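Need a 3D model of the following:
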Amino acid sequence: MCGILFSLCSSDAEHELYPATWETLQALNTKRGPSAQGGHSAILPVAAASSQALHRLEFYGAVLHLRGDSVCQQPHVSPLDNILLWNGEVFDGLIVGQHDNDGKVLMDALEAVAGADPLEHERQLLAVMSRIEGPFAFVYYHNVSKRLFFGRDCLGRRSLLWHRSNQTSEAPFLLTSVGYSRHQANCLSLDEVPANGFYSLSVDDPTCTLTHYPWRQQDAIIDTSSTPSMTLPFGRVNDTIPTGDQLSKPFPPDAKMDAAHPELVPEMSAEMKQAVHDMIATLGDSVRRRVQHIPRTGLPHEARVGILFSGGLDCLCLAALADRFLPKGEAIDLLNVGFENPRSQRARAAEAALALKKKNNNNKAKQQKNPQSKHPRSQKGDSAPPPPQEDDAPQATTTSSTSPSSSTTDDKDAPAQQQQQQQQAQQQHAKYNVPDRITGYESLAELRRIAPDRHWNFVEVNVPFAEAMEQREAILERIAPLDTVMDLSIAMAFWFAARGVGELKQEMMTTTKKKNMNKKRGEEQQPQQQFGEEGEEEQEEEEEVQVQVEWLPYTSQAKVLLSGLGADEQLGGYSRHKDQFEEAGWEGLIQELQLDLDRISTRNLGRDDRIISDHGKEVRYPFLSTTVVQFLSQLRVDLKVDLRYPRGVGEKLLLRHVARELGCDRASRHWKRAVQFGARTAKMTEGNRAEVGQQTVVR
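Next comes the predicted model:
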């Protein structure tokens, strides 16, 4: 991954804000690529200009080293003075060896077609770029034609922003991986470059003519007389309506859907079994390509891969598959984020108080009906507590093996102090027991069961309210030009999770022995004490098992993070899919799935790339491999999602079967929960209660 930055302006431009803007954008892009940075400049005469006008081209690249044996600095400049800025990963489409740098391989492929005449070069360049499988954004200057080509992959998995001035010729044309908001910039108006194709700019033209090369569907009719276009690497969503004999049988009306009946799952036809097998193979290959050959910077056992881990179905399947392709002695970091949310904590406290009050009222009512069930009161007064029964006696918590008779006062107090410290630590961490933390630990247990030899680092990323507010403005700047309440809520969760600063929970089991003078229930009273050979009283010894919990500071060093984004869009995981199915049946559901696929590049991938890369880390999306997208697009809809079934069963049905096949039975029933609610980043104060997701953030 890299940060790339380009500008085109008049060489004699005196734009007073431009130098500061360039330096700021350089610094922001350097955070994305801390391994190496470089720049290159070129000055060109403007064709057909009445005066000696010149255009100045500035290129800057910052590299995060994730491919090849050594760091390869950017920009790439060829002997023919062609220049490439590359922010991406080539997972397929070009042959990239384990020891190769994919940017260098791409530059060689572009050089191989650079000598063609301008029109033929245009077509061949588009052919090279369109066959790349992987996330990318690029800027490429072709010296012979004096054209600048740029764009993003067809799903928009990497960020690229542009500034197109409507003011004067002195205002620069800019391309950058990351920027800042209009709130901070007087001279810039940055927008995301649409992922609807590639673009080119005639840099020696006084008007800098812009050309668009669109993506087209696989079944579209090609107009050979028009501007060259590119074919999408996946087709439309299969619009076949399933027939009655193809559908699985629905659950009976009296079926119980709870934890006590985990065996209740939709039956699998031979066709579904084949789809599950193919999905594991296709998604597994996507995961393999995204976790292999990552350069090692730490010790052999340290994690090179992290997973944005809510404990949900998507990320759990990715974790189970990643375990297959990483060395067994190597850890995997599971990054689980939880926020201290004062508003939700007050709400939960009020609910708990109400429940306690209701319980006490019920107990009083029962005691009034059955007064004999009360504990007898002390004769000295009604305020005395009831005498403790044997079952109510507190168990010792000491870990010391020293007998009580020989302990000092300090030794006696030590267990109590340890217990108090444990309770305080538990209370402190209870603030972060958000829904995603709970499902996270449930899914961790499944992973430890199916992959006991793997070291799973469950990283509790706990974010105090004060720290969240302290970083709010900076995070808002990184998501620019997006600026809605929902964008900020999601970005906060990803920014802190990607930073990877958290704690590892360590549980230690200890066994202690204590001497017990109390006789067991039902034991007859002995006429006299029993003594040993030396005249000492015999005492029974009981073993007591203790669980000591401590949290150890931990910072993830993993540079590659896997995300489950793309599963809900393709497998019907959102509530709107259920709404469409209930309103318009299978046809309505298919249309909604196609709409989700069409607009995925415009929604959130660029935002997430800008947020996560702010820590010099790269996010990868196995569900958005174009190979996976093509596989899922051609599947009949009921093999992916069947919303006749209840929540937690029918949505993402194919992936639930995959999870069960991988051994994750319990997690196969998890349902969709948006990250801003699972991590508690939404509506953190009373003042936020009235906010809606699409509302612009008030600064």
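
ok, and the closest non-adjacent residue to the most centrally placed residue in the chain?
Taking CA atoms, centre = their mean as the criterion, L308 is the residue nearest the geometric centre of the chain, at 3.5 Å. Among residues not flanking L308 along the chain, S563 sits closest, at 5.0 Å (CB to CB, 6 or more residues apart in numbering). To be clear about C-beta, it is placed using only N, CA and C from the backbone, and glycine gets the same treatment.

Report the contact partners of the one you found.
Applying CB atoms under 8 Å, 6 or more residues apart in numbering, we find S563 in contact with I307, L308, C315, D608, V619, R620, Y621.

now the strand or helix carrying the fourth one: how far from the chain's centre is it?
Element membership for D608 (DSSP states H and E) is helix 605-612. With CA atoms, centre = their mean, to the nearest Å as the basis, helix 605-612 stands 11 Å off its chain's centre.

Would you map the strands across the stretch 151-300 of the chain?
161-163, 173-176, 190-192, 197-202, 210-216, 230-231 (DSSP state E, counting those that start in this stretch).

which helices and strands does the helix holding D608 pack with?
When contacts are defined as 3 or more CB pairs under 8 Å, 6 or more residues apart in numbering; DSSP states H and E, helix 605-612 packs onto helix 465-478, helix 485-499, strand 618-620.

Check the residue nearest to the centre of the chain and give its pLDDT.
Looking at L308, its pLDDT reads 98.

wait, it sits on A558?
No - the pair L308 / A558 is not scored as a contact, 10.9 Å apart, by CB atoms under 8 Å.

what do the two both touch?
Shared contacts of L308 and A558, defined by CB under 8 Å, 6+ apart, are not found at any residue.

ok, and K31, which helix or strand is that part of?
Counting by DSSP H and E, K31 is part of helix 18-32.

Could you point out the helix or strand that follows that helix?
strand 36-45.

Which elements pack onto that following strand?
Applying 3+ CB pairs under 8 Å, 6+ apart, one finds that strand 36-45 contacts strand 54-63.

CA atoms only: put the strand it packs on into CSV for me.
Extracted C-alpha coordinates of strand 54-63, given in CSV (Å, rounded to 0.1, in the frame of the first residue of the first chain):
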residue,chain,number,x,y,z
LEU,A,54,4.6,25.6,-19.3
HIS,A,55,2.9,23.0,-17.2
ARG,A,56,4.7,21.6,-14.2
LEU,A,57,4.0,18.0,-13.1
GLU,A,58,4.8,16.9,-9.6
PHE,A,59,4.7,13.3,-8.5
TYR,A,60,5.1,12.0,-4.9
GLY,A,61,4.9,8.5,-3.6
ALA,A,62,5.1,7.0,0.0
VAL,A,63,5.5,3.2,0.3
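
Given that strand, what are its sheet partners and their directions?
When pairing is defined by DSSP bridges, strand 54-63 lines up against strand 2-10 (antiparallel), strand 36-45 (antiparallel).

where exactly do the helices run in the stretch 151-300 of the chain?
270-291 (DSSP state H, counting those that start in this stretch).

Where does pLDDT dip in it?
Along the stretch 151-300 of the chain, the parts satisfying pLDDT under 70 run over 166-171, 183-187, 223-225, 252-263.

that older thread, how near is the residue nearest to the centre of the chain to G564?
As judged by CB to CB, to the nearest Å, L308 and G564 stand 7 Å apart.

Return every residue with contacts to both of those two.
With CB under 8 Å, 6+ apart, L308 and G564 have common neighbours C315.

Quick check: can you list the domain ranges of this structure?
2-231, 301-341+435-504+555-688 (automatic domain parsing).

just so I know, which of these lies nearest V547?
Of all these, it is domain 301-341+435-504+555-688 that lies closest to V547, at 14.6 Å by CB to CB.

picking up where we left off before, pull the CA atoms of the helix holding D608 into CSV?
Extracted in CSV, the C-alpha atoms of helix 605-612 (Å, rounded to 0.1, in the frame of the first residue of the first chain):
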residue,chain,number,x,y,z
LEU,A,605,-14.4,1.6,0.7
GLY,A,606,-12.5,4.8,0.0
ARG,A,607,-13.4,6.1,3.4
ASP,A,608,-12.2,2.9,5.2
ASP,A,609,-9.0,2.9,3.2
ARG,A,610,-8.2,6.5,4.3
ILE,A,611,-9.0,5.7,7.9
ILE,A,612,-7.1,2.5,8.3
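
can you pull the contacts of S130?
By CB under 8 Å, 6+ apart, the residues touching S130 are C154, M230, T231, P233.

If you could redo that for I450, that was the one I meant.
I450 makes contact with A320, L662, G663, C664, according to CB under 8 Å, 6+ apart.

possible to save the residues you listed as a markdown table with pLDDT and neighbour count?
Formatted as a markdown table, the contacts of I450 follow (pLDDT from 0 to 100; neighbours: other CB atoms under 10 Å):
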| residue | pLDDT | neighbour count |
| --- | --- | --- |
| A320 | 98 | 25 |
| L662 | 96 | 24 |
| G663 | 94 | 14 |
| C664 | 92 | 23 |
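
Next, give me the two most distant ones among the residues you listed.
A320 and G663 (7.3 Å).

Run through the stretch 451-600 of the chain and note the low-pLDDT ranges.
Residues of the stretch 451-600 of the chain that meet the cut-off, pLDDT under 70, sit at 512-541.

where exactly do the helices run in it?
For the stretch 451-600 of the chain, the helices defined by DSSP H, counting those that start in this stretch cover 465-478, 485-499, 567-571, 575-603.

would you turn these into TSV with distance to L174?
Converted to TSV, these look like this (distance: least, CB to CB, whole Å):
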stretch	distance to L174
helix 465-478	17
helix 485-499	22
helix 567-571	31
helix 575-603	21
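
got the contact list for the residue nearest to V545 when sequence neighbours are not counted?
The shortest distance from V545 to any non-neighbouring residue, by CB to CB, 6+ apart, is to T511 (5.5 Å). T511 is in contact with E543, E544, V545, Q546, counting by CB under 8 Å, 6+ apart.

same question, V658
V658 makes contacts with V276, M279, I280, L283, C317, as judged by CB under 8 Å, 6+ apart.

What distance do you get for it to S286?
13 Å.

And for R576?
Distance of R576 to S286, computed by CB to CB: 26 Å.

Pick out whichever of these two has more residues nearby.
Taking other CB atoms under 10 Å, R576 and S286 do not tie; S286 has more neighbours (26 against 13).

I figured that one hits S625, correct?
Yes - between S286 and S625 there is a contact under CB under 8 Å: 3.9 Å.

Could you tell me which residues touch both of the two?
F91.

The nearest residue to Q694 once chain neighbours are set aside: what's it in contact with?
Excluding its sequence neighbours, the residue lying closest to Q694 (CB to CB, 6+ apart) is T484, at 5.4 Å. Taking CB under 8 Å, 6+ apart, we find T484 in contact with G693, Q694, Q695, T696, V697.

Specify the beta-bridge partners of T484.
For T484, the beta-bridge partners under DSSP bridges are T696.

For it, give its distance to D436.
Distance of T484 to D436, computed by CB to CB: 21 Å.

measure stretch 494-506 end to end?
One end of stretch 494-506 to the other measures 25 Å (CA to CA, to the nearest Å).

Please list the outside residues in contact with that stretch.
Under CB under 8 Å, 6+ apart, the answer for stretch 494-506 is 306, 308, 333, 335-337, 339, 457-463, 468, 471, 475, 478, 549-558, 561, 608, 611-612, 614-615, 617, 619, 675.

what do you get if the cut-off is 7 Å, keeping everything else the same?
306, 308, 333, 335, 337, 457-463, 475, 549-556, 558, 561, 608, 611-612, 614-615, 617 (CB atoms under 7 Å, 6 or more residues apart in numbering).
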